[in-house]
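Participant: the following comprises the amino acid sequence and a computationally predicted model.
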Amino acid sequence: MHEEISPSFVVSMRIWWNITWKTIVFGIPFSFAGGFFGAMIGMIATGGNDPLVNIIGSVCSWLAVVPIAILVIKSSLNENYGKYRVSISEIQPEGNADSKVEPEFRVIT
């Protein structure tokens, strides 16, 4: 089992920078493409209503970047940052380390 540590500012900054630069580099082309296609769809759907076209293009631009940001965060997990890495581990319930953790699903009505 690996020991948990409290991350230093430098380690936190390296992780933040890794996520930020990848999101910017990969997100900008998808943002432009999403905005372009959103504006085209907006022009067709609204008949050229400029304020509405801008809103539709902006929303499509934003929506195009969301999956990129999620993929960047996913790729940043289990990556090495010097002598550290970020990972996800399962937490065992207290008092019973041998039991398997089962997800709990609830239906809210």
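Facilitator: Happy to help now that I have it.

Participant: helices of the protein, start to end?
Facilitator: Defined through DSSP state H, the helices belonging to the chain, from first to last, are 9-46, 50-76.

Participant: may I see those helices organised as JSON lines, with mean pLDDT and distance to residue 87 added?
Facilitator: (Each C-beta comes from the backbone N, C-alpha and C, glycine too.) Below are the helices of the chain laid out as JSON lines (pLDDT from 0 to 100; distance: least, CB to CB, whole Å):
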{"stretch": "helix 9-46", "mean pLDDT": "93", "distance to residue 87": "12"}
{"stretch": "helix 50-76", "mean pLDDT": "93", "distance to residue 87": "10"}
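
Participant: tabulate the ones you listed (JSON lines), appending distance to residue 92 and mean neighbour count.
Facilitator: Rendered in JSON lines, the data for these read as follows (distance: least, CB to CB, whole Å; neighbours: other CB atoms under 10 Å):
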{"stretch": "helix 9-46", "distance to residue 92": "25", "mean neighbour count": "15"}
{"stretch": "helix 50-76", "distance to residue 92": "24", "mean neighbour count": "15"}
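
Participant: JSON lines for the ones you listed, including distance to residue 82?
Facilitator: Converted to JSON lines, those look like this (distance: least, CB to CB, whole Å):
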{"stretch": "helix 9-46", "distance to residue 82": "7"}
{"stretch": "helix 50-76", "distance to residue 82": "14"}
